[in-house]
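A.B. asks: what follows is a predicted structure for the sequence shown.
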Amino acid sequence: SQTIHQWPATLVQPVGSPLSLECTVEGTSNPNLYWYRQAAGRGLQLLFYSVGIGQISSEVPQNLSASRPQDRQFILSSKKLLLSDSGFYLCAWSDFQGPRSGNTIYFGEGSWLTVV
Amino acid sequence: SQKIEQNSEALNIQEGKTATLTCNYTNYSPAYLQWYRQDPGRGPVFLLLIRENEKEKRKERLKVTFDTTLKQSLFHITASQPADSATYLCALLTSGTYKYIFGTGTRLKVLA
């Protein structure tokens, strides 16, 4: 069966420090990968998605970046964190086959980031 | 611009009653719509999917309707229980892309 792992689960970082969140998926190949952010009490905001190695689509201009160095690995990074980067970050994957397939999206357990 | 709205931010109901949550969308022509449940501090979990040619879908105590004319989906939980308390999110896959867009969610609380 497929599993998704995301780490670290919690981190507190000072303003201006770098960030690296990692996500790996097991049990599938060539998944579509996603990073979402959820601010406290808010909805899910799509940050990045990837349909293949090295293919990254950015949804929101910001000081975050994403990379996909391997088929089932997705990394979210920042060189200098801002206070506004605080939130709950969720990695997700799907086996999307086409617009009519109806495949669902599966989420990791999330990473709580507090920028102080 | 494309938008998904869930009308109620929070909904409190008595145990045993039916909870009805609403999802409206604009400027989309989705092939299907999905509903997810999110517990505090956890990632959303898939519940139900309904396709554009389906008017209604059921799964145990859950029922989803989809009206592409009104651009609306309704999500019902019958015989609600305190364990149903959670945030419920609707989601669409934007046409021609791989992007799943989520509504802001409705926080349901079932009172014992």
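C.D. replies: Okay, I see it.
A.B. asks: next, name the residue at the spatial heart of chain A.
C.D. replies: Note on chain A: the residue nearest the mean C-alpha position is A:Trp35, at 2.5 Å, using Cα atoms, centre = their mean.
A.B. asks: is it true that that residue touches A:Trp93?
C.D. replies: No. In this structure A:Trp35 lies outside contact range of A:Trp93 using Cβ atoms under 8 Å: 10.9 Å. Quick note: C-beta positions are derived from backbone N, CA and C, even for glycine.
A.B. asks: residue in chain B nearest to chain A?
C.D. replies: Closest contact between chain B and chain A, by Cβ to the nearest Cβ, is at B:Gly43 (3.0 Å).
A.B. asks: that residue: what secondary structure?
C.D. replies: Secondary structure state of B:Gly43, per DSSP: H, G, I helix; E, B strand; the rest coil, is coil.
A.B. asks: and it, its phi and psi?
C.D. replies: Dihedral angles phi and psi of B:Gly43 (degrees, to the nearest 10) take the values phi -80, psi 150.
A.B. asks: tell me how many other residues crowd it.
C.D. replies: Close neighbours of B:Gly43, defined as other Cβ atoms under 10 Å in any protein chain shown, add up to 22.
A.B. asks: so where's chain B shaky on pLDDT?
C.D. replies: Counting by pLDDT under 70, chain B shows low-confidence ranges at B:95.
A.B. asks: oh sorry, the question was meant for chain A
C.D. replies: If you take pLDDT under 70 as the line, chain A has these spans: A:61, A:96-102.
A.B. asks: show me where it has strands.
C.D. replies: In chain A, the segments counted as strands under DSSP state E are A:3-7, A:10-13, A:19-26, A:32-38, A:44-52, A:55-58, A:64-70, A:73-78, A:87-94, A:105-107, A:111-115.
A.B. asks: now chain B
C.D. replies: B:3-5, B:10-14, B:19-26, B:32-38, B:45-51, B:56-59, B:62-67, B:72-77, B:86-93, B:100-102, B:106-111.
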